[in-house]
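**Q** here is my input, please return the structure:
(one chain, ligands or ions: 1)
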Amino acid sequence: MSQSIKLMVGNWKMNGGLAANASLVEPLLDGMSALSCRSALCVPAPYLAQMQHLLMGSSVDLGGQDVSAHDSGAYTGEVSADMLRDFSVRYVIVGHSERRQYHAESDATVAAKAQRALAAGITPIVCLGESLEEREAGQTEAVVKRQLAAVIHANGHCISEIVVAYEPVWAIGTGLTATPEQAQQVHAVLRSQLQAASTQATRISILYGGSMNATNAAELLAQPDVDGGLIGGASLKATDYLSILKAASR
Ligand code: PEP
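**A** Numbering: from 1, shown residues only. Got it, this is the predicted structure:
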């Protein structure tokens, strides 16, 4: 079973600035007031304080883009889950393919990050997905199941508190999107893996991410196991993002 109210999460990646953030958020909040989906914005760490202030009193939750796998200590440059919590962060992305690829994050590291977030009362948005080579080699199912298994193994009964985002690596920032059928197929696999791991798995939202835009959002979100979206590029323009959120609110 899937979630009836969609969860839509914007991932700003390494974009933004004090002035640009304020001008993006203002029309977003105006347009969002009439919408019925749940939503969050995952912003660069230096802007958490600004965004906590801008989003205060709105229905939009604040998210981080990464969290340390450690609690505290000599880890220069890292941000702990407790630090995120200090800024009322509700969600944090872990295991984004850009972290797995450019920062060599392993399945075990991603699982540990999810664990730290959960311990601080923050919902980890666990990203997983196959590369183009893996898809072409028929390994999609095996890859996503392996990535999810590591998080399930490390998080035991807390697993029902996570959010999962299926993000095929070949679709992120490329303009290529999984077809609704391709997305549904993988989401169904992830759903049954989660159901096998927890009796509370119906609580878990499974988001699709990868070049979601105003044109393709409605069809992707209409799939029975697609509970929402993780949106990168299109979340940086208020009009585009609002169109996607409208599609999610039908
Ligand atoms: C992402 O960064 O998680 C993402 C899905 O990016 P885009 O929407 O730009 O493909």
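**Q** give me the number of residues near the closest residue to the ligand within the chain?
**A** Among all residues of the chain, Gly232 sits closest to the ligand, at 2.2 Å; criterion: CB to the nearest ligand atom. In this view, the C-beta of every residue, glycine as well, is placed from N, C-alpha and C. Residues within reach of Gly232, counting by other CB atoms under 10 Å, total 22.
**Q** backbone phi and psi for it, please?
**A** Here is the backbone geometry of Gly232 (degrees, to the nearest 10): phi -90, psi -100.
**Q** gap between it and Arg116?
**A** The gap separating Gly232 from Arg116 is 24 Å, by CB to CB, to the nearest Å.
**Q** what do you get for Glu141?
**A** 28 Å.
**Q** neighbour count: these two, which is higher?
**A** Using other CB under 10 Å as the criterion, Glu141 and Arg116 rank with Arg116 on top: 21 against 15.
**Q** buried set for the lengthiest helix in the chain?
**A** Of all the elements of type helix in the chain, the one with the most residues (DSSP state H) is helix 180-197. Buried residues in helix 180-197, counted by 16 or more other CB atoms under 10 Å: 180, 182-184, 186-191, 193-194, 197.
**Q** again with stretch 206-217
**A** Within stretch 206-217, the residues that count as buried by 16+ other CB under 10 Å are 206-214, 216-217.
**Q** from those, list the ones also adjacent to the ligand.
**A** 209-212 (CB under 6 Å from any ligand atom).
**Q** check those and tell me the two furthest apart.
**A** For those, the farthest-apart pair by CB to CB is Gly209 and Ser211; their separation is 8.6 Å.
**Q** pull up the overlap in contacts between the two.
**A** Counting by CB atoms under 8 Å, 6 or more residues apart in numbering, the residues touching both Gly209 and Ser211 are 171-172.
**Q** mean confidence score for stretch 232-250?
**A** Mean pLDDT, computed over stretch 232-250, is 96.
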